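K.L.:
how would this look folded up:
(2 chains)
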Number of protein chains: 2
Amino acid sequence: MGVVVALDESRKPEASVKPLVELTYSDMQQVNALILSKTGSDVEMIPEVAKHLIDSGGKRLRPMLTLAAARMCGYEGDHHVTLSASVEFMHTATLLHDDVVDESDMRRGKQAARMVWGNQASVLVGDFLLGQAFRMMVDAQSMDALEVLSTASTIIAEGEVMQLSAAQSMETTEDDYLAIIRGKTAALFSAACEVGPILAGSQKPIRDAFRSFGMNLGLAFQLIDDALDYGGSQTDLGKNVGDDFFEGKITLPVLLAYRRGNDAEREFWRSAMEADSSDAEALERALALLNKHGAIGDTVARARHYGEIARDALAPLPEDEFKCALLDVVEFCVSRVS
Amino acid sequence: MGVVVALDESRKPEASVKPLVELTYSDMQQVNALILSKTGSDVEMIPEVAKHLIDSGGKRLRPMLTLAAARMCGYEGDHHVTLSASVEFMHTATLLHDDVVDESDMRRGKQAARMVWGNQASVLVGDFLLGQAFRMMVDAQSMDALEVLSTASTIIAEGEVMQLSAAQSMETTEDDYLAIIRGKTAALFSAACEVGPILAGSQKPIRDAFRSFGMNLGLAFQLIDDALDYGGSQTDLGKNVGDDFFEGKITLPVLLAYRRGNDAEREFWRSAMEADSSDAEALERALALLNKHGAIGDTVARARHYGEIARDALAPLPEDEFKCALLDVVEFCVSRVS
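P.N.:
Numbering: from 1, shown residues only, chains lettered A, B, ... in the order given. Now for the predicted structure:
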């Protein structure tokens, strides 16, 4: 039931996250051990809830970005492991709170924590993980890294609140939508990358390059995620086609189809998204309209645009194995539409 | 309908927070201005929600403690203002999340934010304020203060989760309950006090004294709060007699009456608190049982015990106007049962 997307000629089907996974493998072992130890608490429910989410097989892309960025900039200490775990905890805390905010039933193909332990535990364990994230940042002893990550945490929350305000309006512009995903997704990618050169004591242009790389990779990642929701295979993300649609979550494909649609189509979108009255039949119609207006393909094209900016952000840096791995991640992200 | 409490002979009815308010007045002006500026965001809903809570007339006891502790230790810079605002933001974030967790309708005599803007906004604006709190800690440039406050944030969350787990059981022991309030209330009082000497670069025994003072003051404060819920006047706290009772929130007065009660009384408490089936008639019976077993008076006595420890924590420090004001706060806290 997916939407057919015309593949760009430049697509390299072989691109994958594998080189990044291999380069960061031994560091990630340490990160995983640290994550496990920092979910520990005498309060039984905390490790239970945390492990439910942490074990559920996220790709851990963000912490790998921190590790690779630090190593690429010549960092030789251990604090990149600490900050990498910190980044993953910030991400996990956000997921726990998001599920409460979105009233989601599923997360990564498993029951959402809130369905097992309740909204209350999800809010509080999220708070606990956020606190642990900050404690680990303190352990890493870098004020600059602390500033970047604490600022990211406010920007993430701002993005989420913006989404909450915009959630009920089909009149959200593409610019509004970009501001939302810049906050809720790209800010953490950006911070995850920037703390690498910070630890390494790199010059400002290098820090700026990584920040920009992360920001644009994050935008591309989110836009592809949005496209996949209307066309990816279920196994990809533990999501089903139409999850966003049924939750009434307004994303770029829908905004494009709405803006390009006629009066009757717009009326359909308003009723489906704003009034939250969507069923399987409505999803069929939505997919047909997205196809008619090329909304998925153009969302992917937008994602490629940000992917290109991410590539160019790293262009001045030497061509080493880390850079190749990071560029492969960009290509993988924008190519994962099946 | 309050419970009659026999007043301790040593009670000084004139004790108040007024000396502390006066000593910190000009610093608090700066704190209030900083709080206002740091709730600012282009995302309209954030300042709205934050101001709803911040303007609602909390006593701002915690930020005043930070200011007084720093000054008492001879600190002459400006970072105590920053950390003081940070402490208040941590507190405000906790309140926003608590209301969601407790499903409260009221807060400080006003509608809870979640009743006006929804649970979602309360969770996310809480996250935003927590992020801002950490950014301000970074501004204050003290790694030790960051460590103390970030650790407090995890302990607060642990305390709340503990309360969640214990909430449905009348078999909670007094020790369990103390562990809960140590986390959810006293940890922030303690951290608020400890960062004062940290900023001033005081020796470890001074830091320890303030940490212990704050911890025990916090315990006393919470126990009196629990007692007031069954006997204070409504204007005191924006709470009504029996709020905790109707929410099924198990506190020390109830635990004492339960442990001291006969089988029929215990059955009553279990049905009222665990099954959450309480009405006005049940509250009448609860108040009668609390009276019968002296549970309120003994809760106040426990609070006085922690108040005494708080006093002695500061005993080695010179007798100046700040110390007098802090000791008055202790006396005020344990004497506010009407």
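K.L.:
Please see if the lowest-mean-pLDDT helix or strand in chain A touches chain B.
P.N.:
Ranked by mean pLDDT, DSSP states H and E, the weakest helix or strand in chain A is strand A:106-107, scoring a mean of 75. No. Applying C-beta under 8 Å from any C-beta of the partner chain, one finds strand A:106-107 separated from chain B by no less than 15.8 Å. Yep, even glycine has a C-beta here, placed from its N, CA and C like the rest.
K.L.:
can you list the residues that contact that strand?
P.N.:
A:53, A:56, A:95, A:99, A:112-113, A:238-240, A:243 (C-beta atoms under 8 Å, 6 or more residues apart in numbering or on different chains).
K.L.:
could you dump these to JSON lines with distance to A:Ile155 and secondary structure?
P.N.:
Below are these laid out as JSON lines (distance: C-beta to C-beta, whole Å; DSSP: H, G, I helix; E, B strand; the rest coil):
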{"residue": "A:Leu53", "distance to A:Ile155": "22", "secondary structure": "helix"}
{"residue": "A:Ser56", "distance to A:Ile155": "25", "secondary structure": "coil"}
{"residue": "A:Leu95", "distance to A:Ile155": "17", "secondary structure": "helix"}
{"residue": "A:Asp99", "distance to A:Ile155": "20", "secondary structure": "helix"}
{"residue": "A:Ala112", "distance to A:Ile155": "24", "secondary structure": "coil"}
{"residue": "A:Ala113", "distance to A:Ile155": "24", "secondary structure": "helix"}
{"residue": "A:Gly238", "distance to A:Ile155": "26", "secondary structure": "coil"}
{"residue": "A:Lys239", "distance to A:Ile155": "24", "secondary structure": "coil"}
{"residue": "A:Asn240", "distance to A:Ile155": "29", "secondary structure": "coil"}
{"residue": "A:Asp243", "distance to A:Ile155": "25", "secondary structure": "helix"}
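K.L.:
Give me the buried positions along the helix or strand hosting A:Val116.
P.N.:
Per DSSP states H and E, A:Val116 falls inside helix A:113-139. Buried positions in helix A:113-139, judged by neighbour count with 16 or more other C-beta atoms under 10 Å in any protein chain shown: A:113-114, A:117-139.
K.L.:
Of these, which ones also sit close to chain B?
P.N.:
A:119-121, A:123-125, A:127-128, A:130-132, A:134-135, A:137-138.
K.L.:
Next up, the contacts around the spatially most central residue of chain A.
P.N.:
Most central in chain A under C-alpha atoms, centre = their mean is A:Thr185, positioned 4.6 Å from the mean C-alpha point. A:Thr185 makes contacts with A:159, A:218-219, A:221-222, as judged by C-beta under 8 Å, 6+ apart.
K.L.:
Of the residues you listed, just say which sits nearest to chain B.
P.N.:
A:Gly159 (8.4 Å; C-beta to the nearest C-beta).
K.L.:
before we move on, back to that, quick check: of the contacts of A:Thr185, which has the highest neighbour count?
P.N.:
A:Gly218 (28 neighbours; other C-beta atoms under 10 Å in any protein chain shown).
K.L.:
wait, it sits on A:Ala187?
P.N.:
Yes. Using C-beta atoms under 8 Å, A:Gly218 is in contact with A:Ala187, at 7.3 Å.
K.L.:
Take the contacts of A:Thr185 and write them to JSON lines, including distance to A:Ala295, pLDDT and secondary structure.
P.N.:
Output for these, formatted as JSON lines (distance: C-beta to C-beta, whole Å; pLDDT from 0 to 100; DSSP: H, G, I helix; E, B strand; the rest coil):
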{"residue": "A:Gly159", "distance to A:Ala295": "22", "pLDDT": "94", "secondary structure": "helix"}
{"residue": "A:Gly218", "distance to A:Ala295": "21", "pLDDT": "98", "secondary structure": "helix"}
{"residue": "A:Leu219", "distance to A:Ala295": "17", "pLDDT": "98", "secondary structure": "helix"}
{"residue": "A:Phe221", "distance to A:Ala295": "19", "pLDDT": "97", "secondary structure": "helix"}
{"residue": "A:Gln222", "distance to A:Ala295": "16", "pLDDT": "97", "secondary structure": "helix"}
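K.L.:
Residues of the stretch 51-200 of chain A that sit close to chain B?
P.N.:
So far as C-beta under 8 Å from any C-beta goes, the stretch 51-200 of chain A lies against chain B at A:97, A:100-101, A:119-121, A:123-125, A:127-128, A:130-132, A:134-135, A:137-138, A:141, A:143, A:146-147, A:150-151, A:153-158, A:160-162, A:164-165.
K.L.:
repeat that with 7 Å
P.N.:
Within the stretch 51-200 of chain A, the positions near chain B by C-beta under 7 Å from any C-beta of the partner chain are A:97, A:100-101, A:120-121, A:123-125, A:127-128, A:130-132, A:134-135, A:138, A:141, A:143, A:146-147, A:150-151, A:153-154, A:157-158, A:160-162, A:164-165.
K.L.:
quick one: contacts for the closest residue to A:Leu65 other than its chain neighbours?
P.N.:
In this structure, A:Leu65 finds its nearest non-sequential neighbour in A:Ala192, 4.7 Å apart by C-beta to C-beta, 6 or more residues apart in numbering or on different chains. Neighbour list for A:Ala192: A:62, A:65-66, A:87, A:214 [criterion: C-beta atoms under 7 Å, 6 or more residues apart in numbering or on different chains].
K.L.:
try 8 Å
P.N.:
With C-beta under 8 Å, 6+ apart, A:Ala192 has these contacts: A:62-63, A:65-66, A:69, A:84, A:87, A:214.
K.L.:
Could you do A:Met28 as well?
P.N.:
A:21, A:60, A:63-64, A:67, A:84.
K.L.:
now A:Ser212: how far from chain B?
P.N.:
21 Å (C-beta to the nearest C-beta, to the nearest Å).
K.L.:
Pull the number of nearby residues for A:Pro316.
P.N.:
The burial count for A:Pro316: 9, using other C-beta under 10 Å.
K.L.:
thought it was touching A:Ser212?
P.N.:
No. With contacts counted by C-beta under 8 Å, A:Pro316 stays clear of A:Ser212, the gap being 11.2 Å.
K.L.:
Do you have the strands of chain A handy? List them.
P.N.:
Along chain A, counting by DSSP state E, strands occupy A:106-107, A:110-111.
K.L.:
Not counting residues beside it along the chain, what's closest to A:Ala140?
P.N.:
In space, A:Ala140 is closest to A:His79, 4.1 Å off (C-beta to C-beta, 6+ apart).
K.L.:
Ramachandran angles for A:His293?
P.N.:
Main-chain torsions, A:His293, degrees, to the nearest 10: phi -100, psi 10.
K.L.:
List the residues that contact it.
P.N.:
A:256-257, A:260-261.
K.L.:
Narrow those residues to just the buried residues.
P.N.:
If we count by 16+ other C-beta under 10 Å, the contacts of A:His293 have these buried: A:256-257, A:261.
K.L.:
So which of those residues reach chain B?
P.N.:
Okay, of these, nothing touches chain B (C-beta under 8 Å from any C-beta).
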